[in-house]
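S.K.: how would this look folded up:
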Amino acid sequence: MTKPAQPALSRPASVERRSFFRTLGLTAGAAVALRGEASADAAAAFVQSNVARASEPSQLKITDLRTAVVEKAPMTCPLIRIDTNQGLVGWGEVRDGASETYALFLKSRLVGENPCHVDKIFRKIKQFGGHARQAGGVCGVEMALVDLAGKAWGVPAWQLLGGKFRDRVRLYADTVQTDDPKEQGRRLRERMDRGITYLKQDFGIGLLRDKPGMLSAPLGMTYSGGGRVMHPFTGIEISDRGVAYLSDWIGQIREVIGMEIPLSSDHYGHIGVNSCIRLARAMEKHNMAWMEDMVPWQFGELMKQIRDAVDVPILTGEDIYLKEEFVKLIDMGAVDMIHPDLASSGGLIETKKIGDYAQEHGVAMAMHFAGTPVSFMANVHCAAATENFIALEHHSMDVPWWESLVTPTGGQPLIDKGFAVVPDAPGLGIEVNEAVVRAHLRPDSEYFAPTPQWDKERSNDRLWS
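M.R.: Numbers count the residues shown, from 1 in each chain. Here you go, the predicted model:
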């Protein structure tokens, strides 16, 4: 038999008030503070003061910039940490081989700024970029700002760039050069066995040194070591014998790795334009994915001469800062592909703009990278958000502790079967692993020590203020 409904019992107002406070998780003492004549606004403010929030973006301010320099990753890599008034931390990285000073001297222009205004701050500091390594300070700061903005608003960096085109980012692996083509093929094959689907290697006049009849040079000029001469007017030329030797060398590598997998190349000399053309023509039968920096990027007209004369894709870009110089090369038809290094080209937003401009003109974009997982993840987010992206360089496959420098926020692996995993976690989606970073610091570097000496350091020239 159903019991008749009982009439609702009224409870004293004091009981209702105590129940309300308990649902908020407030103590009895806190409840007393809200009794009586407290206004609704005061009650709301009190409640909010006891709620843990990740960030209040509009009130976020930069309070500090510190560095810690990792070595043998395999390069020397200065990491950046930007601190804020709300406890959020942003991670960035100065380009490989550069000085942390390029980031530290920007500190006085950053403290007090809201890091969520990434583009505003970038326009303020981009004047302090320049050559590839110097630009690393500006670019590393931009990485950290994007990381902070994503964390503050609770979205991944790729979302700040407009969304993503892919969930996995294809990697290509650079491979240390050896004089033996069969051994070189074995090293490349090992990359394939680890899931890499795009390869790169160096070859050029370094392989021809001390071989009679392979190279010619003006009297008194020498070529040594890797033979990287950074000017196209050196007078060094590859003879027909030298071209044939290098063609056979690549042919033996193709016998090991097959013809299907993309194989790109770098580091030729530099040699004269005519030698570049003859060498590139000899490579056509080996199905090269691209030939990189055959002459320095500043000589766009010479690069166009090479591109117009050969059927192998011509690529450059790892040392170019900002969009404008890429635009010049693309507009003059000097390149088939571009190759920005996000840690030199301007950071995530600028590199996304570069990629979009290239796509509008039928030019694909690969990405150069040689650093720690901090810069790596900045590249991954940018690659995910750029439609004409081809492949991202991975220079640290032989460094066993490399991935452990960071901890992915969402728990996903950094790399899975030759592809980087695009995270959904806020910001860059990683946090620095303190123990591992400390274990691999450059001997004269501390772990994100205070930098008060840079608080007010700035140029006296009004132009640079």
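
S.K.: going forward, measure contacts between C-alpha atoms and count neighbours the same way
M.R.: Fine.

S.K.: just give me the neighbour total for residue 439.
M.R.: 12 (other Cα atoms under 10 Å).

S.K.: domain assignment for the chain?
M.R.: Per automatic domain parsing, the domain ranges recorded for the chain read 57-154+448-464, 160-428.

S.K.: how about the ones you listed in CSV, adding mean pLDDT and mean neighbour count?
M.R.: Listed next are those as CSV, based on pLDDT from 0 to 100; neighbours: other Cα atoms under 10 Å:
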stretch, mean pLDDT, mean neighbour count
domain 57-154+448-464, 92, 21
domain 160-428, 91, 20
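
S.K.: for the ones you listed, give me a markdown table that also has distance to residue 440.
M.R.: Below are the domains of the chain laid out as a markdown table (distance: least, Cα to Cα, whole Å):
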| stretch | distance to residue 440 |
| --- | --- |
| domain 57-154+448-464 | 6 |
| domain 160-428 | 9 |
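
S.K.: which of these sits closest to residue 442?
M.R.: Closest approach to residue 442 among these is made by domain 57-154+448-464 (5.3 Å; Cα to Cα).

S.K.: for residue 173, list the residues it contacts.
M.R.: Residues in contact with residue 173, defined by Cα atoms under 8 Å, 6 or more residues apart in numbering, are 191, 196, 198-200, 393-395, 397.

S.K.: next one: the nearest residue to residue 383 once chain neighbours are set aside from residue 148, what distance?
M.R.: Spatially, and ignoring its direct neighbours in sequence, residue 383 is nearest to residue 389 (6.0 Å; Cα to Cα, 6 or more residues apart in numbering). Separation of residue 389 from residue 148 (Cα to Cα, to the nearest Å) stands at 25 Å.

S.K.: I figured residue 195 hits residue 397, correct?
M.R.: No: Residue 195 is not in contact with residue 397 according to Cα atoms under 8 Å; the separation is 11.4 Å.

S.K.: which members of the contacts of residue 173 are positioned in helices?
M.R.: For the contacts of residue 173, the ones inside helices are residue 191, with DSSP state H as the criterion.

S.K.: can I get the contacts of residue 173 in JSON lines with distance to residue 280?
M.R.: Output for the contacts of residue 173, formatted as JSON lines (distance: Cα to Cα, whole Å):
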{"residue": "191", "distance to residue 280": "25"}
{"residue": "196", "distance to residue 280": "25"}
{"residue": "198", "distance to residue 280": "19"}
{"residue": "199", "distance to residue 280": "18"}
{"residue": "200", "distance to residue 280": "16"}
{"residue": "393", "distance to residue 280": "22"}
{"residue": "394", "distance to residue 280": "25"}
{"residue": "395", "distance to residue 280": "25"}
{"residue": "397", "distance to residue 280": "28"}
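
S.K.: closest to residue 320 among the contacts of residue 173?
M.R.: residue 393 (16.4 Å).

S.K.: is that closest one in a bridge, and if so with what?
M.R.: residue 172 (DSSP bridges).

S.K.: now do the same contact list for it.
M.R.: 171-174, 367-370.

S.K.: can you check residue 419 too?
M.R.: 168-171, 195-196 are the contacts of residue 419 under Cα under 8 Å, 6+ apart.

S.K.: run the last query once more with 7 Å
M.R.: 168-171 (Cα atoms under 7 Å, 6 or more residues apart in numbering).

S.K.: for the residue lying closest to it once chain neighbours are set aside, phi and psi?
M.R.: Distances taken as Cα to Cα, 6+ apart put residue 170 closest to residue 419, at 4.7 Å, once the chain neighbours are dropped. The phi and psi values for residue 170, taken as degrees, to the nearest 10, are phi -70, psi 130.

S.K.: what about residue 170, distance to residue 393?
M.R.: 9 Å.

S.K.: cool, and residue 411?
M.R.: From residue 411 to residue 393 the distance is 23 Å (Cα to Cα).

S.K.: isn't residue 456 up against residue 108?
M.R.: Yes: the pair residue 456 / residue 108 is scored as a contact, 5.2 Å apart, by Cα atoms under 7 Å.

S.K.: overlap in contacts, those two.
M.R.: Joint contacts of residue 456 and residue 108 (Cα under 7 Å, 6+ apart) do not exist.

S.K.: what's across from the residue nearest to residue 383 in the sheet?
M.R.: residue 365.

S.K.: show me what contacts it?
M.R.: So residue 389 contacts 364-366, 383 (Cα under 7 Å, 6+ apart).

S.K.: turn these into a markdown table, columns for distance to residue 315.
M.R.: Output for those, formatted as a markdown table (distance: Cα to Cα, whole Å):
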| residue | distance to residue 315 |
| --- | --- |
| 364 | 10 |
| 365 | 9 |
| 366 | 9 |
| 383 | 17 |
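
S.K.: ok, how many other residues are close to the closest residue to residue 70 other than its chain neighbours?
M.R.: Leaving aside its sequence neighbours, residue 70 sits nearest to residue 441 (Cα to Cα, 6+ apart; 4.5 Å). When counting by other Cα under 10 Å, one arrives at 19 neighbours for residue 441.

S.K.: measure residue 441 to residue 75 for me?
M.R.: Residue 441 is 12 Å from residue 75, by Cα to Cα.

S.K.: nearest to residue 87, of the contacts of residue 389?
M.R.: Out of those, the member with the shortest distance to residue 87 (by Cα to Cα) is residue 383, at 28.7 Å.

S.K.: which strand or helix spans the closest one?
M.R.: Using DSSP states H and E, residue 383 maps to helix 373-384.

S.K.: also residue 431?
M.R.: Judged by DSSP H and E, residue 431 forms part of strand 430-432.

S.K.: next, the buried residues of the next helix or strand after that strand.
M.R.: Downstream of strand 430-432, the next assigned helix or strand under DSSP H and E is helix 434-439. Using 16 or more other Cα atoms under 10 Å as the test for burial, helix 434-439 gives 436-438.

S.K.: could you export those as a markdown table, including distance to residue 325 and pLDDT?
M.R.: Converted to a markdown table, the buried residues of helix 434-439 look like this (distance: Cα to Cα, whole Å; pLDDT from 0 to 100):
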| residue | distance to residue 325 | pLDDT |
| --- | --- | --- |
| 436 | 38 | 98 |
| 437 | 35 | 98 |
| 438 | 38 | 98 |
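
S.K.: and these, which is closest to residue 356?
M.R.: Among the buried residues of helix 434-439, and counting by Cα to Cα, the member closest to residue 356 is residue 437, at 34.9 Å.

S.K.: can you tell me how far residue 450 is from residue 279?
M.R.: From residue 450 to residue 279 the distance is 52 Å (Cα to Cα).
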